[in-house]
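Participant: Provided below are the primary sequence and the corresponding predicted coordinates.
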Amino acid sequence: MDRTRRALSDQGFGVLTEIDIRATLKSKLGTDMEDYLILGACNPKLAHRALDADRRVGVFLPCNVVLRSDPENDGVVIVDIADPQMMVQLADQPALHAVAEEAAARLHAVADALSRPDGTG
């Protein structure tokens, strides 16, 4: 998780929320599952630009980054990152397209950094 936080930080994202789905489901339902953590990542400058373009974009903020154990490969962590292009479907505004493209590029850089064994980008 430290590598993920560092990769997000390198792209201007901070982690606002951290939800441990495994622990939540265990305590609420008594069910077991693999490790599953949702990080709510936010780049304040991009969030501000997106909200200036359309206030409804808030339903997509922060960007979710999921860290989950691969149940078929012990010790392997899968990282799934929400696609910021989804917010473009909300409102067809040029300013929103630009923000979504920049956010997507930054989050792709995070994924690229995490795909390298040493975590460098």
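Facilitator: Happy to help now that I have it. Numbering: from 1, shown residues only.
Participant: Centroid-wise, who is the farthest residue in this structure?
Facilitator: G30 (27.0 Å; C-alpha atoms, centre = their mean).
Participant: distance of that residue from T24?
Facilitator: The gap separating G30 from T24 is 12 Å, by C-beta to C-beta, to the nearest Å. In this view, the C-beta of every residue, glycine as well, is placed from N, C-alpha and C.
Participant: How about P44?
Facilitator: According to C-beta to C-beta, P44 stands 27 Å off from T24.
Participant: residue boundaries of the strands in this protein?
Facilitator: 14-20, 36-42, 63-69, 77-81 (DSSP state E).
Participant: separation between the nearest residue to Y36 once chain neighbours are set aside and V76?
Facilitator: Take Y36 and drop its neighbours on the chain: the residue closest to it by C-beta to C-beta, 6 or more residues apart in numbering is I21, 4.1 Å away. Using C-beta to C-beta, one gets 18 Å for the distance from I21 to V76.
Participant: cool, and E18?
Facilitator: Following C-beta to C-beta, the distance that separates E18 from V76 is 21 Å.
Participant: Any stretches of this structure with poor pLDDT?
Facilitator: Applying pLDDT under 70 to the chain flags residues 90, 118-121.
Participant: any chance you could map the helices in the chain?
Facilitator: For the chain, the helices defined by DSSP state H cover 2-10, 21-29, 44-53, 94-115.
Participant: what packs against the last one?
Facilitator: Meaning helix 94-115. If contacts are counted by 3 or more C-beta pairs under 8 Å, 6 or more residues apart in numbering; DSSP states H and E, helix 94-115 sits against helix 2-10, helix 44-53, strand 63-69, strand 77-81.
Participant: In it, which of the residues would be classed as buried?
Facilitator: By neighbour count on 16 or more other C-beta atoms under 10 Å, the buried set for helix 94-115 is 96, 99-100, 102-104, 106-107, 110, 113-114.
Participant: what's the answer for stretch 13-22, then?
Facilitator: For stretch 13-22, using 16+ other C-beta under 10 Å, the buried residues are 13, 15, 22.
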